[in-house]
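In: Give me a 3D structure for the following:
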Amino acid sequence: MCATDHSVSRVGSAAMLGRVNYADLTPLQVLDALDAVGLRGDGRILQLNSYENRVFQVMLEDGDAVVAKFYRPGRWTDAQILEEHSFALELATAEVPVVPPLTLQAAADGSQVLHLQGTPLTLATLASPHSAVQVDSPPHRLAVATRCAGRQPELEDPDVLRQIGRFIGRLHAVGRRQPFAQRHVMNAAVDGTRARDLLLAGGFVTPAEQPAWEQISAQALAATVAGFASFGAAQPLTTLRLHGDCHPGNVLWRQAADGTGSPHMVDLDDAMQGPAVQDLWMLVSGDRATMGQQLNTLLQGYEQFSDFDDRELTLIEPLRTLRMLRHSAWLAERWSDPTFPLHFPYFGTAAYWSQQTTQLREQLEAMDG
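Out: Model prediction:
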């Protein structure tokens, strides 16, 4: 058996974590779900890019357009989703440009089994047509938001970077008001160890590459944990409510009629409790000097609205390392979803793990430097 076949055939226990039944989310089922919350589509529906959830743009009979998000079963609890919604609504109330969930209500005919939650009611749970006969077919959970069009920001423009910095500073000013009670709290040791253990226990790393990857991943994780531990009890690392996955693809740039533009966030699916730099480091790229200049520009805008602890800049490479480990584990957990082998065919190959080993070795050097 070739290395690629070996890695895919041993999806094993981690596959259960990624199991999901989206097969019944046909256009008709999506329209029926929106009907159940009083939003009647006119038949025009477009599936949008999303690996984690299933997201659809739906045109309504009244001429408006909405985006319906069906959450991946088992990823978040209802309480975690509702806390995400509450944060989005708090940001919108503070006039931070995010797209909050709409308040939902049951349709008058009551033809579908529907449960609404939240204050206001923003999360709908609808029974899957298959759930009565299939144990592994849980109800669908649905949130709806107004459609918000835009494009990816031009990060090479310093004025754009400063404006995004101001936006994130405003978001973090709200995020500092209180901590999350239900959402994920970043913990380098726990998160990194879980990701590494899942990959090794599930047999995802190809045999020939496993010894080198296992050794370097252990060293890189230890250096990552040490980077966070360096803050110590005397001057602890401050955490706050974050977007959590603030890379350029998740920042929407909207152009106004007068030619000016502004950043928006359309989704807080990965909102978490963590250090402020988590929402900044993925927006910069290039060599160390270039990234330093870009970060300075971002912080010029950021610090107009929120304080920043410069010590957190030492966490950029540890955070990059942690993201690499968690990304591989994320792919492994989701491998039973047909979308993932289709879009990530390289995952699990010998070449993939060889590249990961090289990149982790480079990260170790970067953290030591």
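In: Can you list the residue ranges for helices in the stretch 101-250 of the chain?
Out: Applying DSSP state H, counting those that start in this stretch to the stretch 101-250 of the chain gives helices spanning 158-175, 188-201, 210-229.
In: So what touches the second one?
Out: Spelled out, it's helix 188-201. Applying Cβ atoms under 8 Å, 6 or more residues apart in numbering, the external contacts of helix 188-201 come out as 13-14, 204-205, 210, 214, 217-218, 221, 224-225, 227-228, 318, 321-322, 325-326, 328-329, 332-333. Any C-beta I mention is one placed from the backbone N, CA and C, and that applies to glycine too.
In: Type out the ChimeraX command that picks the buried ones from the residues you listed.
Out: Entered in ChimeraX, the line below selects the buried ones among the contacts of helix 188-201, by 16 or more other Cβ atoms under 10 Å:
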select :14,204,205,210,217,221,224,225,227,228,318,321,322,325,326,328,329,332,333
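In: Tell me which of the helices of the stretch 101-250 of the chain is the most buried.
Out: Mean neighbour count (mean count of other Cβ atoms under 10 Å) peaks for helix 158-175 among the helices of the stretch 101-250 of the chain, with a mean of 21.
In: from the middle of its chain, how far away would that one be?
Out: How far helix 158-175 lies from its chain's middle: 19 Å, per Cα atoms, centre = their mean, to the nearest Å.
In: got it, and stretch 270-277?
Out: 11 Å.
In: and that stretch, how far apart are its ends?
Out: 15 Å (Cα to Cα, to the nearest Å).
In: 29 is where my numbering starts, stick with that
Out: Shifting the count to begin at 29 puts that one at stretch 298-305.
In: Can you tell me what sits against it?
Out: 111-112, 115, 200, 207-208, 211-214, 265-273, 306, 334, 336-337, 340-341, 343-344, 347.
In: what stretches of the stretch 29-178 of the chain score poorly on pLDDT?
Out: For the stretch 29-178 of the chain, applying pLDDT under 70 flags the ranges 29-49, 138-140, 156-165.
In: Dump the helix or strand encompassing Asp60 to CSV, restricted to CA.
Out: Using DSSP states H and E, the element containing Asp60 is helix 55-64. Provided in CSV are the C-alpha atoms of helix 55-64 (Å, rounded to 0.1, in the frame of the first residue of the first chain):
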residue,chain,number,x,y,z
PRO,A,55,-31.8,23.7,-2.0
LEU,A,56,-35.3,22.7,-1.1
GLN,A,57,-34.4,21.9,2.5
VAL,A,58,-32.5,25.2,2.9
LEU,A,59,-35.6,27.1,1.6
ASP,A,60,-37.9,25.0,3.9
ALA,A,61,-35.6,25.9,6.9
LEU,A,62,-35.9,29.6,6.1
ASP,A,63,-39.6,29.3,5.7
ALA,A,64,-39.8,27.8,9.2
